[in-house]
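Undergrad: One predicted model, sequence on top.
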Amino acid sequence: MSKSYNIAVVPGDGTGPEVIGEGVKVLSTVSRKIDFKLNFTYFNIGGEHYKATGEILPDSVVEGLSKSDAIYLGAIGHPDVQPGILEKGILLNLRFHFDQYINLRPVKLYEGVSTPIKDKGPDDIDFVVVRENTEGLYAGAGGILKKGKPDEVAVQESINTRKGVERCIRYAFEYCRKRNKKKKLTLCGKTNVLTFAFDLWERTFNEVAKEYPDISTDYAHVDAICMWMIKNPEWFDVIVTDNMFGDIITDLAAMIQGGMGIAAGGNINPVGISMFEPIGGSAPKYTGQNIINPIAGILAGALMLDTLGEEMAALCIENAVKKVLKDDVKDVSAGKMGFTTTEVGDLICKYIEKDE
Ligand code: IPM
Ligand code: MN
């Protein structure tokens with residue numbers, strides 16, 4: 001009997017629904033081809049729903065998502081809603097609730113996609129960032145005293161637990177081994193200034209490294225990583241880092257792989273329910289025009305299948321994406337692809353069907 005998976009779909013805001021629509025089309029095509037079943041259940045949350053009802057993340061939705069094997073998310077964020085409400089109330093809440101302690105962000109420059117880095121090509125840009133996803137500055141520790149007064153105080157603390165740091169670092173070593181490329185893991189930190197948090201990270205990293213003699217290790221400060229990522233991206237294989245640094249360096253990394261139209265990520269709980277999303281956001285100015293690039297969302301779908309254990313299907317999607325990028329799509333930016341959003345989805349489906 002073929003396998004069957006329950007996928008919770010959260011199309012969300014802005015261009016999220018358009019991107020996720022193409023993703024679902026591609027996932028359905030590949031599931032028919034490889035012979036497994038995907039049952040999609042839709043959940044309506046996001047900025048529009050919040051504006052209409054005042055609800056951010058109702059318990060009934062969390063309960064529904066809990067019954068899924070994975071969550072497939074478009075984008076959360078609305079220009080009319082104060083920053084932080086939806087991001088913290090939905091995205092971060094889900095990451096924390098499902099203990100998705102890894103944010104996995106592959107960075108790969110595909111053939112046919114242009115990078116802003118001179119003289120670098122697909123052979124040079126192929127690495128993965130493993131970002132801790134439940135702690136650090138995102139934990140929400142701190143507060144404001146005397147708000148609005150001249151002697152106001154704001155404190156925002158970075159929380160780093162041995163357990164949280166160790167499980168993230170272990171995941172990165174395991175991932176690096178399984179990836180089996182350069183077999184090099186780089187810790188990205190700031191040991192020269194953040195001498196508490198990154199002392200814990202560095203000690204844990206060095207201890208865990210002893211269990212992985214086949215993986216070479218390296219360390220770079222976060223500011224230097226930003227420099228090396230542009231100057232010598234070929235140095236990297238897997239990078240592991242905390243939540244805040246990971247957030248920042250993966251936007252930089254997304255640009256060198258061609259931009260937000262391509263960048264996908266997974267919020268992963270290796271023993272629970274993971275959530276996959278294009279990392280670009282809701283792009284409100286392109287909403288409803290059928291011009292947004294769906295490839296980041298489609299690659300997020302591939303990452304989801306890979307994590308669910310359907311590696312062949314994931315590879316099949318990636319191959320079709322590679323072909324579209326090499327032969328068809330002129331530019332990965334919204335409105336410049338030479339094709340509409342739905343046409344790009346259709347082309348990818350066509351290549352999946354033809355694939356041997
Ligand atoms: C990301 C986003 C989120 C983050 C925001 C929207 C809360 O930037 O997924 O990288 O900071 O993690
Ligand atoms: Mn970000």
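TA: Ah, there it is. Ligands and ions are numbered 1, 2, ... in the order given.
Undergrad: and the residue lying closest to Glu135 once chain neighbours are set aside, how many neighbours does it have?
TA: Nearest residue to Glu135 in three dimensions, chain neighbours excluded: Gly164, at 4.5 Å (C-beta to C-beta, 6 or more residues apart in numbering). For the C-beta atoms, the positions are set from N, CA and C on the backbone; glycine is no exception. Residues near Gly164, counting by other C-beta atoms under 10 Å, number 22.
Undergrad: from memory Gly164 sits against Tyr101, does it?
TA: Yes: if you go by C-beta atoms under 8 Å, Gly164 and Tyr101 touch, sitting 6.6 Å apart.
Undergrad: any shared contact partners between these two?
TA: Glu132, Thr134 (C-beta atoms under 8 Å, 6 or more residues apart in numbering).
Undergrad: who's in contact with the residue of the stretch 251-356 of the chain at minimum distance from ligand 1?
TA: Nearest to ligand 1, among the residues of the stretch 251-356 of the chain, is Ile279, at 5.6 Å (C-beta to the nearest ligand atom). Residues near Ile279 by C-beta under 8 Å, 6+ apart: Arg105, Thr250, Asp251, Ala254, Met260, Ala263, Ala264, Gly265, Ala296.
Undergrad: SS state for the nearest residue in space to Asp69 that is not next to it in sequence?
TA: Distances taken as C-beta to C-beta, 6+ apart place Tyr5 nearest to Asp69, at 4.5 Å, with adjacent residues excluded. Three-state call for Tyr5 (DSSP: H, G, I helix; E, B strand; the rest coil): strand.
Undergrad: any idea how far Tyr5 is from Met312?
TA: 14 Å (C-beta to C-beta, to the nearest Å).
Undergrad: burial count for the residue nearest to Ala141 when sequence neighbours are not counted?
TA: Closest residue to Ala141 apart from its sequence neighbours, by C-beta to C-beta, 6+ apart: Glu157 at 4.2 Å. By other C-beta under 10 Å, the residues close to Glu157 number 13.
Undergrad: swap in the one 5 residues further on?
TA: As a burial measure, Arg162 scores 10 neighbours (other C-beta under 10 Å).
Undergrad: and it, what does it touch?
TA: So Arg162 contacts Leu200, Thr204 (C-beta under 8 Å, 6+ apart).
Undergrad: Show the backbone phi and psi for it.
TA: The phi/psi pair for Arg162 (degrees, to the nearest 10) reads phi -60, psi -40.
Undergrad: Next, find the distance separating it from ligand 1.
TA: 23 Å (C-beta to the nearest ligand atom, to the nearest Å).
Undergrad: which stretches of this protein form helices?
TA: 16-34, 47-53, 59-66, 85-86, 93-97, 162-179, 197-209, 222-231, 243-256, 295-308, 311-327, 341-354 (DSSP state H).
Undergrad: Single out the most deeply packed of those.
TA: helix 295-308 (a mean of 26; mean count of other C-beta atoms under 10 Å).
Undergrad: on that earlier part again, output the helices of the chain in TSV, with distance to Ile144 and mean pLDDT appended to each entry.
TA: Putting the helices of the chain into TSV (distance: least, C-beta to C-beta, whole Å; pLDDT from 0 to 100) gives the following:
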stretch	distance to Ile144	mean pLDDT
helix 16-34	32	98
helix 47-53	24	95
helix 59-66	28	98
helix 85-86	17	96
helix 93-97	21	98
helix 162-179	25	98
helix 197-209	22	98
helix 222-231	26	98
helix 243-256	19	97
helix 295-308	35	98
helix 311-327	44	98
helix 341-354	42	98
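Undergrad: Quick check: the residue nearest to Glu135 vs Tyr138, distance?
TA: Looking at Gly164 against Tyr138, where the rule is C-beta to C-beta, the gap reads 11 Å.
Undergrad: Next: Phe205.
TA: From Phe205 to Tyr138 the distance is 20 Å (C-beta to C-beta).
Undergrad: Can you get me a residue count around Leu187?
TA: 24.
Undergrad: Test my guess that it contacts His221.
TA: No: assessed by C-beta under 8 Å, Leu187 is found out of contact with His221, at 10.0 Å.
Undergrad: Need the pLDDT of the residue of the chain found nearest ligand 1.
TA: Closest approach between the chain and ligand 1, counting by C-beta to the nearest ligand atom: Glu87, at 3.8 Å. Predicted confidence (pLDDT) for Glu87: 94.
Undergrad: ok, it - contacts?
TA: So Glu87 contacts Ile76, Gly77 (C-beta under 8 Å, 6+ apart).
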